[in-house]
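Student: here is a sequence together with a model predicted from it:
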Amino acid sequence: MIMSVTHFKESIKTDEYLSSLSKWDACKPPYTGAHMRTCVSAIKVILSYLDKPRRSKYEKENYLRIDFSKAGKVTIYAEFPKVMGLKGRKLGEWPEMTLDVAREKAQLMAKDGLKSDSVHSVIQEYEKSLKGKVDRKKLGEHSFNTYMCRVNNVKLAFGEREVFGDVTYNRLIEVIDEWITTKSNNHALELFAELRRIWKFGSPLFCGGLNVAATIQDDYVSSRVQRPMPTRRYTDIESIANLWINSAKCTSIHQKNALRFMILYGVRPINIHNLEWSYVTDDFSEIIYPAGLIGMRGAMKTQKEFRLPITPAAKRILEEQAEWRDSVNDCNRKYVFLQPRNPKEPFSKRSLDKLIKTYSPENAVKGVVHDGTIKGRSGAFNTMCRKFMKSNVIAQMRKLGYSRPETKEISILCMHHSDREADPMGEHYDFSEEILQEEIALKRTAFEAHERSILTQVALIRRRS
């Protein structure tokens, strides 16, 4: 009797399941609201009978997967074939989101190409983009190497299987907070800026235009760390004159002349490294660093032409370099300053830093070092020559009777710094220099005064000794 009752109950359950399954199977795409209601009522019985948490229906033509839970909750997803290589997405829940809206969204995602790429693969595409800029001469080789160091650090912060489109705001904050804790202040700022550049690059292609990194406040890192500032260290004419004298101890003519050229002109180390004979006029009267053009990077940081008048001492340096070049057969004839150990290569930027530190006199660097500063913290960095040149040009031009505003403007010309505040559109409309040649004349006066002051001090030191 008990067995027959149990058997009767199970039969009723089976019949209900089969009836619900028939209703479920009868609902065919494209689905409507009536289909959804039928499926919701049917799925509760089916999943209870099978003891499963959920079951899905598909509308492949519209890239939809409709998920039905045991509790009757309906969630709509966009799902794409593997050959499309696109990342699936949750679109919403029915009935809050209608099927028509879901179809439209899924079709747009398929058209826009929301890819399921990992963060690492997106970074690889970003690297290719940077290399393309180098090839098009829009980015320097050394700048590319600097960017790549930062990019590699960003890559280390994410797992190989982390999907770019799934990275959330909180995940980015977690990464940035770790940088703030473990990296130096300046490094954390640089990595944060690089992360935002990567997300700006990848969002349109791999995240449907949703740039999560852009939602992080601009001062998130800078408000938590002290922004490093250049130190207020400097040198004086006595130390520069001693450096000039000590440079005679260099083992190579290239070392001596590169160091003295930098003292005379205060150029950046890269402009010693990349100085070509083609930049020097035939009569040794000017050096013209070329401007950047389409398909060719300029020699200067600003990518603008820079004309340097050749002073008497600079002319002697160039003549010595030319004599050495003509006396050696197997050397690089493109660049003015060459590596002592490998004369087929241009002079190394790092060597200048080492030379200045080696041959600077004791206590050459004045000023106070504060915690958090980054330039000139340990000794006589290359910026010392630039700082001294600007300061000394102002001092010497004041002695020649020029006013303070005039000397400031002349020092800007000598440093090849931009001064857009006075005339933002001047570079597009002002061609007075091409007509009057005033700037080159002022620069010649300034550099010659700068040179005379140094050589006068050199002579005084030699007399004293």
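Tutor: Looks like it came in fine. Residues are numbered from 1 along each chain as shown.

Student: low-confidence stretches in the stretch 301-450 of the chain?
Tutor: By pLDDT under 70, the weakly predicted segments of the stretch 301-450 of the chain are 301-302, 369-382, 418-436.

Student: can you pull the buried residues of stretch 67-82?
Tutor: Asp67, Phe68, Ser69, Lys70, Val74, Thr75, Ile76, Tyr77, Ala78, Glu79, Phe80 (16 or more other C-beta atoms under 10 Å). To be clear about C-beta, it is placed using only N, CA and C from the backbone, and glycine gets the same treatment.

Student: and which of those residues is nearest Tyr58?
Tutor: Nearest to Tyr58 among the buried residues of stretch 67-82, counting by C-beta to C-beta, is Glu79 at 7.6 Å.

Student: OK, contacts around the closest one?
Tutor: Tyr58, Tyr63, Leu64, Arg65, Gly88 (C-beta atoms under 8 Å, 6 or more residues apart in numbering).

Student: one more time with 7 Å, if that's ok
Tutor: Tyr63, Arg65, Gly88 (C-beta atoms under 7 Å, 6 or more residues apart in numbering).

Student: Three-state assignment for Pro343, please.
Tutor: coil (DSSP: H, G, I helix; E, B strand; the rest coil).

Student: for Gln255, see how far away it is.
Tutor: Here the criterion is C-beta to C-beta, to the nearest Å. By it, Pro343 lies 12 Å from Gln255.

Student: of these two, which one has the most company?
Tutor: The residue with more neighbours, out of Pro343 and Gln255, is Gln255; 22 against 19, by other C-beta atoms under 10 Å.

Student: how about Val368: what's its closest non-neighbour residue?
Tutor: With C-beta to C-beta, 6 or more residues apart in numbering as the criterion, Val368 has its nearest non-adjacent residue at 6.5 Å, and that residue is Arg232.

Student: since we're on the one you found, how many residues are nearby?
Tutor: With other C-beta under 10 Å as criterion, Arg232 counts 13.

Student: ok, the contacts of Glu79 vs Ala241, which is closest?
Tutor: The shortest approach to Ala241 among these belongs to Gly88, at 71.6 Å (C-beta to C-beta).

Student: what number of residues lie near the closest one?
Tutor: 16.

Student: okay, it and Phe80: tell me how far apart.
Tutor: 6 Å.

Student: tell me the domain boundaries of the chain?
Tutor: With domains defined by automatic domain parsing, the chain comprises 14-112, 119-215, 237-464.

Student: follow-up on the earlier one: in helices only, show me the contacts of Glu79.
Tutor: Among the contacts of Glu79, no member falls in helices (DSSP state H).

Student: would TSV of these with pLDDT and distance to Asp15 be doable?
Tutor: Supplementary listing: the contacts of Glu79 in TSV, determined by pLDDT from 0 to 100; distance: C-beta to C-beta, whole Å:
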residue	pLDDT	distance to Asp15
Tyr63	88	36
Arg65	92	30
Gly88	77	37
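
Student: just checking, which of these belong to strands?
Tutor: Residues of those located in strands (DSSP state E): Arg65.

Student: list the contacts of the spatially most central residue of the chain.
Tutor: Central residue check for the chain by C-alpha atoms, centre = their mean: the C-alpha nearest the mean position is that of Tyr147, 4.8 Å away. Tyr147 is in contact with Leu130, counting by C-beta under 7 Å, 6+ apart.

Student: from Val368, how far out is the closest residue to Pro29 other than its chain neighbours?
Tutor: Leaving aside its chain neighbours, Pro29 sits nearest to Glu59 (4.3 Å; criterion: C-beta to C-beta, 6+ apart). Distance, Glu59 to Val368, using C-beta to C-beta: 71 Å.

Student: compare those two and say which one has the larger neighbour count.
Tutor: Glu59 (19 against 8).

Student: buried residues in the host helix or strand of Ser391?
Tutor: Assignment of secondary structure by DSSP states H and E places Ser391 within helix 383-399. By 16+ other C-beta under 10 Å, the buried positions in helix 383-399 come out as 383-394, 396-397.

Student: can I get the CA coordinates of the helix or strand following that helix in CSV?
Tutor: Using DSSP H and E, the helix or strand that directly follows helix 383-399 along the chain is helix 404-415. The C-alpha trace of helix 404-415 is given here as CSV (Å, rounded to 0.1, in the frame of the first residue of the first chain):
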residue,chain,number,x,y,z
ARG,A,404,66.9,92.5,-16.4
PRO,A,405,63.9,91.7,-18.8
GLU,A,406,66.3,91.8,-21.8
THR,A,407,68.8,89.5,-20.2
LYS,A,408,66.1,87.0,-19.2
GLU,A,409,64.9,86.9,-22.8
ILE,A,410,68.4,86.5,-24.1
SER,A,411,69.0,83.6,-21.7
ILE,A,412,65.9,81.9,-23.0
LEU,A,413,67.2,82.2,-26.5
CYS,A,414,70.5,80.7,-25.4
MET,A,415,68.9,77.8,-23.6
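
Student: what is helix 404-415 packed up against?
Tutor: Applying 3 or more C-beta pairs under 7 Å, 6 or more residues apart in numbering; DSSP states H and E, we find helix 404-415 packed against helix 383-399, helix 438-464.

Student: quick one: the last one to helix 404-415, angle?
Tutor: Right, the one you point to is helix 438-464. For helix 438-464 against helix 404-415, the angle by axes from the mean of the first three to the mean of the last three C-alpha atoms, to 10 degrees is 90 degrees.

Student: repeat for the shortest one
Tutor: Our comparison of helix 383-399 with helix 404-415, counting by the same axes, to 10 degrees, yields an angle of 140 degrees.

Student: any residues touching helix 383-399, and which ones?
Tutor: With contact meaning C-beta under 7 Å, 6+ apart, helix 383-399 is reached by 234-235, 237, 240, 262-263, 265-266, 356, 365, 375-376, 407-408, 410-411, 414-415, 446, 449-450, 453.

Student: what does stretch 346-356 give?
Tutor: Under the criterion C-beta under 7 Å, 6+ apart, residues 250, 254-255, 258-259, 262, 269-270, 272-274, 332, 335, 337-339, 380-382, 384 lie in contact with stretch 346-356.

Student: now do the host helix or strand of Trp179: everything it contacts.
Tutor: Assigned by DSSP H and E, Trp179 belongs to helix 169-182. Here helix 169-182 makes contact (C-beta under 7 Å, 6+ apart) with Ala157, Ala188, Leu191, Phe192, Val212, Ala213, Thr215, Ile216, Tyr220, Val221, Arg224, Val225.

Student: mind checking the SS state of the residue nearest to Val368?
Tutor: Arg232 ends up coil, using three-state DSSP.
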